[in-house]
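A.B. asks: Sequence below, structure please.
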Amino acid sequence: MKDSSIGLNRRQALGALAALSGASQLSGQSAPQCHLRAGLVAYSYRKQFTAQSMSYEDLIRKVADWGLDGLDCTVYWFPNTSDPYLASLRKLAFKNGVQIYNAGVRVRLAQPTVELQQAEVEQIKKWVDVADRLGASHVRVFGGAIPPEATEQQAIGWAVEVLKRGAEYAGTKGITLGVEDDGGLTTAARPTIEIVKQTGSPWAGINADSGNLRADGYSQFDSMLPYATSVHLKVDIATADGKKEPADWSRLLGMIGKAGYKGFVGLEYEGDNAEAEVPRFVATLRTLVRQVSG
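C.D. replies: Just a heads-up that it's a prediction; the model follows:
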């Protein structure tokens, strides 16, 4: 993929600043300060983790070398969750100036029975405790598939029940749960937002992913930002008719700033050549984020 696909130049960085400034001038206010931080989602190196050619220790050092601020861990590839292992990762991250800020876990909220809902709540509790020991303040979960013969509204109600109970526990640890827009019930922004709104918890929000939406990527992403507690940017984004095109990160950062989100923006790379391409993309993200941040 060519560098120009996401604009590896200063002009796009300035474009993001211009978007923020223009929006502020319309309201008669000074340009908002985004206070964003650039991160990497560990899922970007899923093939290397699966092949055991990379460890989390390796990735923490890479993130530090690239000058990124944080790492979004995907817990599937932890060799274990023992206290000594988690403490060693936390210490290594601290020594390298890297914040482990997020943990992605295999929780599927939409469960049709009390027993299945309780099982997901217990999974949330387990991974909240792991995140707490890692020093991460955010755990991302998924809506899951709509159960057979269920309506979307029924599935939303079941997801809300699990998220409410999970968020109640997470809040006791100072940890926020973010529902990611990623297939199944949360393929689109509207049901994802509805789950969070009905949950009504200060410890629940959206892990807004710009590249997972099937159509109208910019518009749907923008609608989730008022509820965003973490953000993923991908290299591609969906057009109005559902085709994929190179994402305009400056445009997305402008939306993020206008929405008042302050926090981590992590690259999640889903291509096949992470070793060659991730360093280039994170360099771009780091530059753009620093241009628009106070």
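A.B. asks: What score does residue 19 have for pLDDT?
C.D. replies: With respect to pLDDT, residue 19 scores 41.
A.B. asks: Kindly report the same for residue 28.
C.D. replies: Model confidence at residue 28 (pLDDT) stands at 36.
A.B. asks: now swap in residue 37 and tell me
C.D. replies: Residue 37 carries a pLDDT score of 97 in this model.
A.B. asks: And for residue 31?
C.D. replies: Residue 31 carries a pLDDT value of 40.
A.B. asks: what's the spacing between residue 249 and residue 288?
C.D. replies: Computed as CB to CB, to the nearest Å, the residue 249 to residue 288 distance reads 6 Å. All C-beta atoms are positioned from the backbone trio N, CA, C, and that covers glycine.
A.B. asks: Hmm, I typed the wrong one, I wanted residue 174.
C.D. replies: For residue 174, the distance to residue 288 (CB to CB) stands at 30 Å.
A.B. asks: So those two - more neighbours on which side?
C.D. replies: residue 288 (28 against 10; other CB atoms under 10 Å).
A.B. asks: The more buried one should be in a strand, yeah?
C.D. replies: No: counting by DSSP: H, G, I helix; E, B strand; the rest coil, residue 288 is not part of a strand but helix.
A.B. asks: Where do the helices of the chain begin and end?
C.D. replies: Using DSSP state H, the helices of the chain run over 10-27, 46-50, 56-65, 83-95, 114-134, 152-172, 189-199, 217-224, 249-259, 274-292.
A.B. asks: what would those helices look like in a markdown table with distance to residue 179?
C.D. replies: Below are the helices of the chain laid out as a markdown table (distance: least, CB to CB, whole Å):
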| stretch | distance to residue 179 |
| --- | --- |
| helix 10-27 | 26 |
| helix 46-50 | 21 |
| helix 56-65 | 24 |
| helix 83-95 | 24 |
| helix 114-134 | 11 |
| helix 152-172 | 7 |
| helix 189-199 | 6 |
| helix 217-224 | 10 |
| helix 249-259 | 17 |
| helix 274-292 | 23 |
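A.B. asks: Lowest-scoring secondary structure element of this structure by mean pLDDT?
C.D. replies: Lowest on mean pLDDT, DSSP states H and E among the helices and strands of the chain sits helix 10-27, with a mean of 40.
A.B. asks: Retrieve the pLDDT associated with the nearest residue to residue 89 once chain neighbours are set aside.
C.D. replies: Once flanking residues are discounted, residue 89 sits nearest to residue 56: 5.8 Å by CB to CB, 6 or more residues apart in numbering. On pLDDT, residue 56 comes in at 98.
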